[in-house]
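>>> pasting the structure only:
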C-alpha cells in the first residue's frame, strides 16, 4: 500500500522559492509560516535570514538613492541637506525589516549591528548616540565578537577624513569623478560614495 503524500508546509514552500531565486515569494511564504508556527525554531531562523537580507537590500537602495539625489540636486560637499521623501522612505523600510528580524530573534547580533549602522548612516547627529547604545549593549552580550568594538570605534569619534559627513571626499559622495571630461568611477570608494575611513554599511 502506498502511503498518502504529505503536503508541503509553508516553510517547505518558502525554501523551494528561495532555491528558485523567487525571493519576494519566499518572503511572503515565510511570513505565513511564521504566523502559523511562531514557536518553530527552523521557521524563525529562516524568517530572520530572509528579512535580514531584505533589510540589507533596502539599505543599499537607500544609499544609492541618496547618492543619486546628491548629484541631481547639486548638493555641495559640506552643505546640510534633508533627504528626499523617497530616500527617507527607503531608510524607514530597511529599519522596519530589521525590526521584523528582532521581533522574532531579539538577540540576532547581525540585525542589531545593521540597525546601529543604518541609524548612523541615516543621520549622524541623531543616529550616533542611538547606534552606540545598541553597540555597547551588543559588546556586553557578545564579548568575543571582534566586529562590535571595530564598529564602535568607527562611530564613536567624528571622522576627520570626511569632516564626519560620511561621504567619500574625492568624489563628494557621488561615486564618480570627472577625469579629462569623462565620468569615471571613484577609485577611492569603489563607486559607493562612502568615506573609506568611517563608512559602516
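That came in fine, so what should we check first? This is a predicted model, so every value here is computed, not measured. Numbering: from 1, shown residues only.
>>> for this structure, what's the longest helix?
helix 41-72 (DSSP state H).
>>> Which SSE is immediately downstream of that one?
helix 85-104 (DSSP states H and E).
>>> where does the protein have its least confident helix or strand?
Counting by mean pLDDT, DSSP states H and E, the weakest-scoring helix or strand in the chain turns out to be strand 176-179, with a mean of 78.
>>> Can you give me the domain assignment for the protein?
Domain assignment for the chain by automatic domain parsing gives 8-106, 158-201.
>>> ok, back up a step: okay, now the sheet partners of the least confident helix or strand of the chain, with direction.
strand 182-185 (antiparallel) (DSSP bridges).
>>> Return the distance of the strand it pairs with from the chain's centre.
27 Å (CA atoms, centre = their mean, to the nearest Å).
>>> quick one: contacts of stretch 43-51?
11, 14-15, 18, 23, 26-27, 30-31, 33-34, 37-38, 97-98, 100-101, 104-105, 108, 111 (CB atoms under 8 Å, 6 or more residues apart in numbering). In this view, the C-beta of every residue, glycine as well, is placed from N, C-alpha and C.
>>> didn't residue 159 look like it was pressed against residue 194?
No: in terms of CB atoms under 8 Å, residue 159 does not count as a neighbour of residue 194; the distance is 11.0 Å.
>>> which of the two has more neighbours?
residue 194 (24 against 16; other CB atoms under 10 Å).
>>> what's the spacing between the residue nearest to that one when sequence neighbours are not counted and residue 25?
Spatial nearest neighbour of residue 194, excluding adjacent residues (CB to CB, 6 or more residues apart in numbering): residue 168 at 6.0 Å. To residue 25, residue 168 is 37 Å away according to CB to CB, to the nearest Å.
>>> Of these two, give the one with the bigger neighbour count.
residue 168 (27 against 15).
>>> Hmm, the more buried one is touching residue 192, no?
Yes: under the criterion of CB under 8 Å, residue 168 makes contact with residue 192 at 7.4 Å.
>>> Find residues that contact each of the two.
In contact with both residue 168 and residue 192: 175, 199, using CB under 8 Å, 6+ apart.
>>> For the protein, give me the ranges with low pLDDT.
1-7, 74-81, 200-201 (pLDDT under 70).
>>> Now do the same contact list for residue 84.
65, 69.
>>> cool, residue 68 as well?
Counting by CB under 8 Å, 6+ apart, residue 68 touches no other residue.
>>> how far away is it from residue 86?
With CB to CB as the criterion, residue 68 and residue 86 are 10 Å apart.
>>> And for residue 106?
30 Å.
>>> Over to residue 33?
Separation of residue 33 from residue 86 (CB to CB): 31 Å.
>>> So for the two, which residue has more residues nearby?
Ranked by neighbour count (other CB under 10 Å), residue 33 and residue 86 place residue 33 first, with 23 against 14.
>>> That one reaches residue 14, doesn't it?
Yes: using CB under 8 Å, residue 33 is in contact with residue 14, at 5.9 Å.
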